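*Asks:* here is a sequence together with a model predicted from it:
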Amino acid sequence: QVQLVESGGGLVQAGGSLRLSCVASGRIFSRYAMGWSRQAPGKEREFVAAITWDGRTTSYADSVKGRFTISRDNAKSTVYLQMNSLKPEDTAIYSCAWGKSRYYSDGMDYWGEGTLVTVSS
């Protein structure tokens, strides 16, 4: 049974930082790409970042490029999202996702329930 459990969300002032973590189970973690998406109130879910199975290649949404960093620790079956210079428009529920394969270009097929990030102005 695939399971994704996110943590690290909370309330932060604009300009601050948070690090999200996602512990994955139910698959061999190191064989799959991982990603993060977010959903703001009243909006559709949007892509945030993704990383290949070996951590060598990453991709970011234009809105977070240069501020967010995705990384992974295959020994801990954990993917991270370091978020710096946070803005009020980053407020959303952040969910991690399993890739369908080693490469995120093949898409994602499971999502966690998410962790809430609130950025105050």
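*Replies:* Okay, I see it.

*Asks:* where do the strands sit along the chain?
*Replies:* Secondary structure of the chain (DSSP state E): strands at 3-7, 10-13, 18-25, 34-39, 46-51, 58-60, 68-73, 78-83, 92-99, 108-111, 115-120.

*Asks:* now for the shortest one, which elements pack on it?
*Replies:* In terms of contacts (3 or more Cβ pairs under 8 Å, 6 or more residues apart in numbering; DSSP states H and E), strand 58-60 is packed against strand 46-51, strand 68-73. (Glycine included, C-beta is placed from N, CA and C.)

*Asks:* what strands line up against that strand, and which way round?
*Replies:* strand 46-51 (antiparallel) (DSSP bridges).

*Asks:* could you give the mean pLDDT of stretch 78-94?
*Replies:* If you average the pLDDT over stretch 78-94, you get 98.

*Asks:* quick one: distance of it to the chain centre.
*Replies:* When distances are taken as Cα atoms, centre = their mean, to the nearest Å, stretch 78-94 is centred 8 Å away from the chain's centroid.

*Asks:* what is the burial count for Asn84?
*Replies:* 14 (other Cβ atoms under 10 Å).

*Asks:* from what I see, it and Phe68 are in contact.
*Replies:* Yes - shown here, Asn84 and Phe68 form a contact pair, counting by Cβ atoms under 8 Å, at 7.2 Å.

*Asks:* now do the shared contacts for the two.
*Replies:* Shared contacts of Asn84 and Phe68, defined by Cβ atoms under 8 Å, 6 or more residues apart in numbering, are absent.

*Asks:* quick one: least confident helix or strand in the chain?
*Replies:* In the chain, no helix or strand scores lower on mean pLDDT, DSSP states H and E than strand 108-111, which sits at a mean of 95.

*Asks:* what residues does it touch?
*Replies:* By Cβ under 8 Å, 6+ apart, the list of residues contacting strand 108-111 reads Val2, Leu4, Ala33, Gly35, Ser37, Ala50, Ser95, Cys96, Ala97, Trp98, Gly99, Lys100.
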